[in-house]
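S.K.: The following block contains a protein sequence and its predicted model.
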Amino acid sequence: MRVVIRPVFRYSPLTPVMLRLAVVFEWAASFVVPVTRDTEVERVDFPGFHGEWIRPPGADPDKVMLFLHGGGFFCCGLRTHRRLAARIAERAGVTALSVAYRQLPASPLAVSMADAHHAYTWLVEQGFTDIVIAGDSAGGFLALTTALTARDEGQPGPAALVALSPLVELDHLGRAEHPNLKTDAYLPAHRLPKLRTMLLAGLDEDPSPARRDLSGLPPVLIQAGGAEALLYDAHLLAARLCAAGVPHRLQVWEGQLHVFQAFAGPIPEGHAALDEVGAFLRSATGSGHAAA
């Protein structure tokens with residue numbers, strides 16, 4: 001990550017042309033991020049975007065996880081995160097709906113948030129009552145804002161939230177002093193101020209979860225790597241949840257990088273972390289499925 005990914009993210013110009021080239025990560029994932037042979041994947045179409053059902057063996061079809069992938073709101077998608085979503089769903093004993101929400105440079109944050117909430121609304125309208133929401137990095141941002149929008153609009157809320165290395169504050173001022181910023185294995189958190197202007201197009205105010213009233217949210221599990229820059233965000237989110245009286249658990253995995261759960265296998269701690277996620281979600285949905 002330090003040798004290959006970090007230089008690309010750190011030095012590539014943040015222009016629409018360069019952001020469009022980030023699709024290479026999604027293309028490459030078709031060859032290097034497979035799911036188990038018994039896992040079923042089925043496309044779902046929404047207005048202007050799409051998603052996919054991920055059905056691990058033995059998953060309860062009535063218990064659903066809405067999964068929102070990370071990637072800084074400009075890269076990654078269903079393919080890069082298919083295995084991560086499938087591993088969580090298998091451990092939790094649920095069916096997953098993973099969403100390819102629209103991103104930069106074609107669509108700003110307002111559209112990404114609207115797509116995520118549209119997918120959640122669709123699940124509610126389909127009659128699902130045991131819904132949980134999970135996301136990593138930028139997907140953690142969307143998991144939180146989706147639950148907050150559902151609360152504000154009087155919709156039934158999710159049973160639980162999982163935020164893996166979540167981004168919860170678009171303003172970089174507080175994070176800029178964090179000691180992990182210079183040593184993070186690949187995340188270019190220092191470039192967030194440039195992205196922020198593009199992301200906030202069409203919005204009257206910054207919708208960062210850390211800036212909002214978090215009261216009324218369901219239980220939240222937060223996981224972060226001890227060596228990543230967004231450890232700042234994980235601690236900030238935990239503090240805001242505590243102030244709002246929301247049940248939550250923060251797990252910091254010593255020495256780990258950003259979204260290390262996605263690299264479970266080469267990083268054995270990733271499997272242990274995913275087991276924790278699965279147990280948390282089984283408890284929230286009442287699933288009796290055993291952890292993988």
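M.R.: Yep, it's here. Numbering: from 1, shown residues only.
S.K.: The chain: strands as residue ranges?
M.R.: Remark: strands assigned in the chain by DSSP state E are 40-46, 49-55, 60-68, 94-100, 130-136, 160-164, 220-225, 248-253.
S.K.: Can you show me the CA trace of stretch 123-131 as CSV?
M.R.: Extracted in CSV, the C-alpha atoms of stretch 123-131 (Å, rounded to 0.1, in the frame of the first residue of the first chain):
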residue,chain,number,x,y,z
LEU,A,123,-36.0,-1.8,1.5
VAL,A,124,-38.5,-0.3,3.9
GLU,A,125,-41.1,-0.2,1.1
GLN,A,126,-40.4,-3.9,0.3
GLY,A,127,-41.5,-4.7,3.8
PHE,A,128,-38.2,-5.5,5.4
THR,A,129,-38.2,-4.7,9.1
ASP,A,130,-34.8,-6.2,10.2
ILE,A,131,-32.5,-3.8,8.4
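S.K.: that older thread, deepest in the core, which of the strands of the chain is it.
M.R.: strand 160-164 (a mean of 29; mean count of other CB atoms under 10 Å). Placement of C-beta: from N, CA and C, glycine included.
S.K.: Next, format the strands of the chain as TSV and append mean pLDDT.
M.R.: Supplementary listing: the strands of the chain in TSV, determined by pLDDT from 0 to 100:
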stretch	mean pLDDT
strand 40-46	96
strand 49-55	98
strand 60-68	97
strand 94-100	98
strand 130-136	97
strand 160-164	98
strand 220-225	98
strand 248-253	98
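S.K.: out of those strands, which comes closest to His190?
M.R.: When the strands of the chain are compared by CB to CB, strand 220-225 sits nearest His190, at 17.4 Å.
S.K.: need the strands of the chain in TSV with distance to Arg212, can you?
M.R.: Shown next, in TSV, are the strands of the chain (distance: least, CB to CB, whole Å):
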stretch	distance to Arg212
strand 40-46	25
strand 49-55	24
strand 60-68	17
strand 94-100	21
strand 130-136	16
strand 160-164	14
strand 220-225	14
strand 248-253	15
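S.K.: which residue is nearest the middle of this structure?
M.R.: Gly135 (2.1 Å; CA atoms, centre = their mean).
S.K.: Make sure that one is actually in contact with Val168.
M.R.: No: Gly135 lies out of contact with Val168 (CB atoms under 8 Å); the separation is 11.2 Å.
S.K.: what's the overlap in contacts for those two?
M.R.: Residues touching both Gly135 and Val168 (CB atoms under 8 Å, 6 or more residues apart in numbering) are Phe141.
S.K.: Name all residues that make contact with Glu254.
M.R.: Gly226.
S.K.: so how far is Val44 from Ala96?
M.R.: Here Ala96 is placed at a distance of 11 Å from Val44 (CB to CB, to the nearest Å).
S.K.: what about the stretch 1-150 of the chain, any weak spots by pLDDT?
M.R.: The stretch 1-150 of the chain contains residues with pLDDT under 70 at 6-11, 13-15, 17-35.
S.K.: ok so, going back, so what sits against both of Ala96 and Val44?
M.R.: With CB under 8 Å, 6+ apart as the test, Ala96 and Val44 both reach Trp53.
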